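Student: Got a predicted model here, sequence first, then my questions.
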Amino acid sequence: MSKTTRATQMLVKAGVAFTVHSYDYDPNAERVGLQAAEALGEDPSRVLKTLMAEVDGKPVCCVVPSDREVSMKKLAAAFGGKSAAMMKPADAERLTGYHVGGISPFGQKKLVPTAIEETALSEAQVYINGGQRGLQVRLAPADAKGALKAVSAPLIA
């Protein structure tokens, strides 16, 4: 497994300090983020999942703790929209250039507005997908927010 991806290259270019962590990805896991947290021996609240959605028909990215669910109402509000829906997996892969289970908010093929769950910013360090199944980057959530030019908002149900 390569530890250099578009995601890690973006973080290096942005001058963000991070470490790379690999784990045995389970393609049959019911919830990929929770499987990653367990494999890394980390609390699921510190292992963030990257979800692709649409707000009023426009693509957005949201980053939330792996043990929580996104509120579509709150997601729409975070981007000043009226309605939100999860993006179809094939559309998410085409838009980001990553495979489901390996979608990172960093280094996506097309830059889309991104929101990070506000509670994640209280953690000293978080894990976010590094652009490949079984690869996570560990970094300060404020650095992730800055690199992504993301907004922080209440996103979880």
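Tutor: It's in.
Student: now the residue nearest the centre of the chain: how far from A115?
Tutor: For the chain, the residue nearest the mean C-alpha position is T50 (2.5 Å; Cα atoms, centre = their mean). Remark: distance between T50 and A115 (Cβ to Cβ, to the nearest Å) = 11 Å. C-beta: built from backbone N, CA, C; applies to glycine.
Student: Need the overlap of contacts for the two.
Tutor: By Cβ atoms under 8 Å, 6 or more residues apart in numbering, T50 and A115 have these common neighbours: 61-63.
Student: re the thing from before, would you mind identifying the next helix or strand past the helix or strand hosting the residue nearest to the centre of the chain?
Tutor: Using DSSP states H and E, T50 sits in strand 47-55. Later in the chain than strand 47-55, the nearest helix or strand by DSSP H and E is strand 58-65.
Student: That next one: which residues count as buried?
Tutor: 59-65 (16 or more other Cβ atoms under 10 Å).
Student: so what secondary structure elements neighbour the helix or strand following that strand?
Tutor: Using DSSP H and E, the helix or strand that follows strand 58-65 in sequence is helix 72-78. The contact analysis (3 or more Cβ pairs under 8 Å, 6 or more residues apart in numbering; DSSP states H and E) places helix 72-78 against strand 47-55, strand 58-65, strand 84-86, strand 151-153.
Student: Assign V20 to helix, strand or coil.
Tutor: At V20 the chain is in strand, as set by DSSP: H, G, I helix; E, B strand; the rest coil.
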